[in-house]
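Novice: The sequence isn't on hand, but the structure is:
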């Protein structure tokens with residue numbers, strides 16, 4: 001037990017502040033999981049229409065991810081986060097004041113767009129304040145913080161949704177604002193890992209050494225093509241994971257109406273609880289595995305989880321499915337998040353992160369559009385949809401397996417014990 005706690009020691013103060021910031025932000029992030037319920041129950045939209053709207057909003061966010069990546073590499077990452085956080089907080093307050101309508105959805109999407117722009121800067125900060133050897137536990141701690149807050153937020157969402165939705169928007173804004181204040185006062189650029197830091201080899205792996213800032217990202221990817229292949233396969237692998245936030249609430253709404261929002265909130269609370277309990281444990285148990293094997297294990301657990309969701313609205317099986325699904329989420333984060341940061345020059349983290357976010361958003365939107373059309377074609381046969389994406393996940397697992405050896409050849413020093 002002591003090892004589970006002490007493994008997060010020795011990090012820079014800023015990493016712990018970012019952990020708290022993630023925790024507080026997540027306590028207010030419960031608005032988004034309820035978006036499907038907002039469209040279908042509060043605004044009386046059909047399943048296919050609601051998924052189409054969500055998918056279209058994702059498409060609109062593509063340029064925001066690219067812009068965020070460029071800004072993160074050109075300007076102060078801290079300043080970018082502060083600016084766009086303040087703008088998004090203002091929009092959440094506005095949503096809390098106005099009556100719930102289709103305009104509320106537009107406000108929420110705009111707030112999400114602003115947070116998308118700041119996303120690459122936030123991710124890059126975690127890498128900026130950790131050495132290569134600390135990277136996995138830094139991301140693990142950040143992920144733990146998000147879910148520690150989410151376990152509270154998801155339950156609150158289920159309780160507030162039916163009668164006090166605007167209060168939920170207000171809490172979301174206050175939580176984000178608190179996170180912003182923490183970053184303003186406690187995250188200092190002077191403490192970041194830089195080329196001027198004494199033991200450069202300890203701070204960066206050989207493959208993270210900064211290069212000419214003007215070098216195009218495409219050149220970096222051409223020099224390390226396995227990164228591009230991993231990115232593409234990762235997008236297909238993310239498609240099954242994307243279902244949980246869209247297809248599961250639709251399935252619950254169909255069987256339980258607005259009461260499904262409460263059950264969905266409890267399922268998300270279980271998600272957060274499992275992350276809190278098992279992230280430290282799995283970090284220790286899987287520390288000898290490199291990133292790709294971890295990603296494969298995580299994806300197989302994802303697939304098992306959504307296979308259980310396909311059974312239907314049987315409460316016990318839904319909770320079991322969420323438990324297995326969440327284990328997959330934890331293992332995937334431990335593998336996929338540190339993967340790119342250890343293989344990309346520090347000078348290009350923001351831009352590569354932005355491109356990665358765009359490509360993942362494209363596939364997320366593709367998933368949502370597919371669900372929209374398939375709901376119509378299959379007359380809302382949820383089980384068939386779950387099983388189709390189980391098949392996609394299995395194909396992605398095979399592709400990851402084939403990429404293991406090329407990655408080992410390209411980055412051999414990352415495989416040295």
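Specialist: Structure's in. What do you need? Not measured: the values here are computed from a predicted model. Numbering: from 1, shown residues only.

Novice: gap between residue 100 and residue 35?
Specialist: Using C-beta to C-beta, to the nearest Å, residue 100 is found at 12 Å from residue 35. The C-beta positions use only the backbone N, C-alpha and C, and glycine is treated the same way.

Novice: out of those two, which sits in the busier spot?
Specialist: The neighbour comparison of residue 100 against residue 35 (other C-beta atoms under 10 Å) goes to residue 35, with 20 against 14.

Novice: and the more buried one, how far is that from residue 372?
Specialist: Taken as C-beta to C-beta, the span from residue 35 to residue 372 is 15 Å.

Novice: Got the confidence number for residue 66?
Specialist: If you check residue 66, the pLDDT there is 72.

Novice: nope, residue 394 is what I meant
Specialist: Note on residue 394: pLDDT of 92.

Novice: which SSE is it in?
Specialist: Per DSSP states H and E, residue 394 falls inside helix 382-410.

Novice: How about that helix, which residues are buried there?
Specialist: 382, 385-386, 388-390, 392-393, 396-397, 399-400, 403-404, 407 (16 or more other C-beta atoms under 10 Å).

Novice: Remind me what that helix packs against, helices and strands.
Specialist: On a contact count with 3 or more C-beta pairs under 8 Å, 6 or more residues apart in numbering; DSSP states H and E, helix 382-410 meets helix 225-243, helix 247-256, helix 291-309, helix 349-377.

Novice: Make sure residue 113 is actually in contact with residue 64.
Specialist: Yes. The criterion here is C-beta atoms under 8 Å, and residue 113 meets it with residue 64 at 5.2 Å.

Novice: Neighbour count: the two, which is higher?
Specialist: Using other C-beta under 10 Å as the criterion, residue 113 and residue 64 rank with residue 64 on top: 23 against 19.

Novice: For residue 11, see how far away the more buried one is.
Specialist: 30 Å.

Novice: Which residues are in contact with the closest residue to residue 178 other than its chain neighbours?
Specialist: Closest residue in space to residue 178, ignoring its immediate chain neighbours: residue 24 at 4.8 Å, by C-beta to C-beta, 6 or more residues apart in numbering. Contact analysis of residue 24 by C-beta atoms under 8 Å, 6 or more residues apart in numbering lists 149, 175, 178, 179, 182.

Novice: same deal with residue 118?
Specialist: 68, 80, 81, 83, 84, 85.

Novice: what do you get for residue 405?
Specialist: No contacts exist for residue 405 under C-beta under 8 Å, 6+ apart.

Novice: 10 Å - rerun?
Specialist: Residue 405 is in contact with 226, 292, counting by C-beta atoms under 10 Å, 6 or more residues apart in numbering.

Novice: who touches both of residue 113 and residue 64?
Specialist: With C-beta under 10 Å, 6+ apart, residue 113 and residue 64 have common neighbours residue 84.

Novice: rewinding a little: looking at the buried residues of helix 382-410, which is nearest residue 216?
Specialist: residue 407 (22.5 Å; C-beta to C-beta).

Novice: Surely residue 343 and residue 408 touch.
Specialist: No. Using C-beta atoms under 10 Å, residue 343 makes no contact with residue 408, being 11.9 Å away.

Novice: tell me, what's touching these two both at once?
Specialist: 226, 414.

Novice: where does the stretch 51-200 of the chain have low pLDDT?
Specialist: Scanning the stretch 51-200 of the chain for pLDDT under 70 picks out 55, 57-62, 65, 132-133, 136, 150-158, 161-162, 190-200.

Novice: Which parts of it are helices?
Specialist: 62-74, 77-97, 102-128, 135-160, 165-186, 200-203 (DSSP state H, counting those that start in this stretch).

Novice: just how off-centre is the helix or strand hosting the residue nearest to residue 178 within its chain?
Specialist: Using DSSP H and E, residue 24 sits in helix 13-27. Taking C-alpha atoms, centre = their mean, to the nearest Å, one finds helix 13-27 lying 15 Å from the centre of the chain it belongs to.

Novice: Quick one: work out the angle between it and helix 102-128.
Specialist: 160 degrees (axes from the mean of the first three to the mean of the last three C-alpha atoms, to 10 degrees).

Novice: tell me the average confidence for helix 13-27?
Specialist: 77.

Novice: Ok, stretch 317-324 next?
Specialist: Mean predicted confidence for stretch 317-324 is 91.

Novice: same check, this time on stretch 279-288
Specialist: 82.

Novice: Nearest residue to residue 122 in space, please, no chain neighbours.
Specialist: residue 81 (5.8 Å).

Novice: Surely the one you found is in contact with residue 89?
Specialist: No. The pair residue 81 / residue 89 is not scored as a contact, 11.9 Å apart, by C-beta under 10 Å.

Novice: and for those two, which residues touch both?
Specialist: Listed as contacting both residue 81 and residue 89 by C-beta under 10 Å, 6+ apart are 115, 179, 180.

Novice: Confirm for me that the last one is in contact with residue 81.
Specialist: To tie it back to what came earlier, the one meant is residue 180. Yes. Using C-beta under 10 Å, residue 180 is in contact with residue 81, at 7.4 Å.

Novice: And those two? Which one has more around it.
Specialist: For the pair residue 180 and residue 81, the greater number of neighbours falls to residue 81 (25 against 21), based on other C-beta under 10 Å.

Novice: how far away is the more buried one from residue 95?
Specialist: 21 Å.

Novice: Show the backbone phi and psi for residue 43.
Specialist: With angles defined as degrees, to the nearest 10, residue 43 sits at phi -110, psi 0.

Novice: ok, it to residue 100 distance?
Specialist: 8 Å.

Novice: What of residue 107?
Specialist: Taken as C-beta to C-beta, the span from residue 107 to residue 100 is 10 Å.

Novice: Now do the shared contacts for the two.
Specialist: Common neighbours of residue 107 and residue 100 (C-beta under 10 Å, 6+ apart) are residue 169.

Novice: Save the helices and strands packed on helix 382-410 as JSON lines, and put in mean neighbour count, distance to residue 416 and mean pLDDT too.
Specialist: Shown next, in JSON lines, are the helices and strands packed on helix 382-410 (neighbours: other C-beta atoms under 10 Å; distance: least, C-beta to C-beta, whole Å; pLDDT from 0 to 100):
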{"stretch": "helix 225-243", "mean neighbour count": "20", "distance to residue 416": "17", "mean pLDDT": "82"}
{"stretch": "helix 247-256", "mean neighbour count": "21", "distance to residue 416": "42", "mean pLDDT": "76"}
{"stretch": "helix 291-309", "mean neighbour count": "22", "distance to residue 416": "14", "mean pLDDT": "89"}
{"stretch": "helix 349-377", "mean neighbour count": "20", "distance to residue 416": "23", "mean pLDDT": "72"}
